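In: Sequence below, structure please.
(one chain, ligands or ions: 1)
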Amino acid sequence: MNVDRLDHIGIAVEDLEASCTVYRDVLGIEPGGVEEVPDQKVKVAFFPVGDSKIELLEPTGEDSPIAQFIRKRGAGIHHMAIRVDDLEAALDRAREAGIRLIDEEPRAGAGNARIAFVHPKSTGGVLLELCERE
Ligand code: ZN
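Out: As a prediction, this is how the structure comes out:
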């Protein structure tokens, strides 16, 4: 299993359009399109920054995990995603090491990625997304 790069930083926002301003209009980064991820009840926009991206996440329902996060902690950095070339292998190694996983199995993420979240209790307080892309 190889770790490729910091794939993206996920930021929870209340208003996606308003939050795009600084990245799109001030920094001049073209967003890679807006996409809805029904599984996580979010609308996302990716802004490429070198080999990495900034992912803005707006909740599409009150029961969205992002809506719950914003209610509890306010808008802000929600997770960090590391790209791996073999998600199953990464999950197996995490389990062997006694790491607490949120997702035991890969699920569908934005941009056709396969993703799985690792619990912040096992990562020093940071919600970690493992992400595999074609
Ligand atoms: Zn993400």
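In: Tell me how many other residues surround Ala18.
Out: 10 (other C-beta atoms under 10 Å). Glycine gets a C-beta too; all of them are placed from N, C-alpha and C.
In: What helix or strand is it located in?
Out: Per DSSP states H and E, Ala18 falls inside helix 16-21.
In: What residues sit buried inside the helix or strand that that helix is followed by?
Out: With elements assigned by DSSP H and E, the helix or strand that comes after helix 16-21 is strand 34-37. Within strand 34-37, the residues that count as buried by 16 or more other C-beta atoms under 10 Å are Val37.
In: Helices along the chain, start to end?
Out: Under the criterion DSSP state H, the chain contains helices at 16-21, 65-73, 87-96.
In: Point out the residues in this structure that sit beside the ion.
Out: Proximity of the chain to the ion, by C-beta under 5 Å from the ion, involves residues Gly10, Glu55, Ala81, Glu129.
In: change it to 8 Å
Out: Taking C-beta under 8 Å from the ion as the measure of proximity, the chain contacts the ion at 7-8, 10, 44, 55, 57, 78-79, 81, 109-110, 113, 115, 129, 131.
In: got a list of what Ala116 touches?
Out: Residues in contact with Ala116, defined by C-beta atoms under 8 Å, 6 or more residues apart in numbering, are Leu87, Ala90, Leu91, Leu101, Ile102, Asp103, Glu104, Glu105, Pro106, Arg107, Glu129, Leu130.
In: If it is in a bridge, with which residues?
Out: On the basis of DSSP bridges, Ala116 is bridged to Leu130.
In: now the farthest one out in this protein, which residue is it?
Out: If you look at how far each residue of the chain sits from its centre, by C-alpha atoms, centre = their mean, the farthest one is Glu96, at 23.7 Å.
In: if I look at the residue of the chain found nearest the ion, how far off is Arg93?
Out: Nearest to the ion, among the residues of the chain, is Gly10, at 4.0 Å (C-beta to the ion). To Arg93, Gly10 is 23 Å away according to C-beta to C-beta, to the nearest Å.
In: what about these two, which has more around it?
Out: Using other C-beta under 10 Å as the criterion, Gly10 and Arg93 rank with Gly10 on top: 22 against 13.
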